[in-house]
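Chemist: Starting from these lines, generate the structure:
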Amino acid sequence: MNLNQVTLPVSNMDKAVAFYQALGFTLIVDTPHYTRFECPMGQSTFSLSLEPEPTMNGAVIYFEHAELDRWVDDLLTKGIEFAQLPKDEAYLWREAILFDPSGNKLKLYWAGENRLNPPWRVKA
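Modeler: This next block holds a predicted model:
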């Protein structure tokens, strides 16, 4: 099994598309009500769906990058605002937190080997 994609609700498609393109994602489907992006590395995609009514989305979307601090510095020069700059967390990930124009919470992070193999991983 492989995860195909995650779809986020957005209230303004134009602002959302510009935001995710500024983060470095490649737009591969572009309609007024639905867009889809390809991640710069790997084969992952995610999409945006225009919602006519405000939505409460409790999901947190994580995007991983080995050069997290450099990526965040680059985004800061593009005017992207962060709720938290990169910080080492107790669970051994380095994370930055931001919100897209529709309020979806994103974490940009680097976990290295700890992403799949933390010291507390369940033994098979």
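
Chemist: From now on I want contacts and neighbour counts done on CA atoms only, so please keep to that.
Modeler: Noted.

Chemist: Can you name the residues that contact Leu85?
Modeler: Listed by C-alpha atoms under 8 Å, 6 or more residues apart in numbering, the contact set of Leu85 reads 72, 95-97.

Chemist: Identify the residue spatially nearest to Leu23, adjacent ones excluded.
Modeler: Leaving aside its chain neighbours, Leu23 sits nearest to Leu75 (6.8 Å; criterion: C-alpha to C-alpha, 6 or more residues apart in numbering).

Chemist: Show me the shaky parts of the chain.
Modeler: The chain contains no residues with pLDDT under 70.

Chemist: for it, what spans make up the helices?
Modeler: 13-23, 68-77 (DSSP state H).

Chemist: mind giving me JSON lines with these and columns for distance to Glu51 and mean neighbour count?
Modeler: Formatted as JSON lines, those follow (distance: least, C-alpha to C-alpha, whole Å; neighbours: other C-alpha atoms under 10 Å):
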{"stretch": "helix 13-23", "distance to Glu51": "9", "mean neighbour count": "16"}
{"stretch": "helix 68-77", "distance to Glu51": "27", "mean neighbour count": "15"}
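
Chemist: Adding distance to Gly42, write those out as CSV.
Modeler: Formatted as CSV, those follow (distance: least, C-alpha to C-alpha, whole Å):
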stretch, distance to Gly42
helix 13-23, 16
helix 68-77, 17
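
Chemist: As a check, name the ranges of all strands in this protein.
Modeler: Counting by DSSP state E, the chain has strands at residues 7-10, 26-30, 34-38, 45-50, 60-64, 84-88, 94-99, 105-110.

Chemist: Please dump these into CSV; it should also carry distance to Ala18 for every row.
Modeler: Putting the strands of the chain into CSV (distance: least, C-alpha to C-alpha, whole Å) gives the following:
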stretch, distance to Ala18
strand 7-10, 12
strand 26-30, 10
strand 34-38, 11
strand 45-50, 12
strand 60-64, 17
strand 84-88, 21
strand 94-99, 14
strand 105-110, 16
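
Chemist: Now Leu98: closest residue in space, sequence neighbours ignored.
Modeler: Nearest non-adjacent residue to Leu98 (C-alpha to C-alpha, 6+ apart): Phe82, at 4.5 Å.

Chemist: How many residues are close by the one you found?
Modeler: 17 (other C-alpha atoms under 10 Å).
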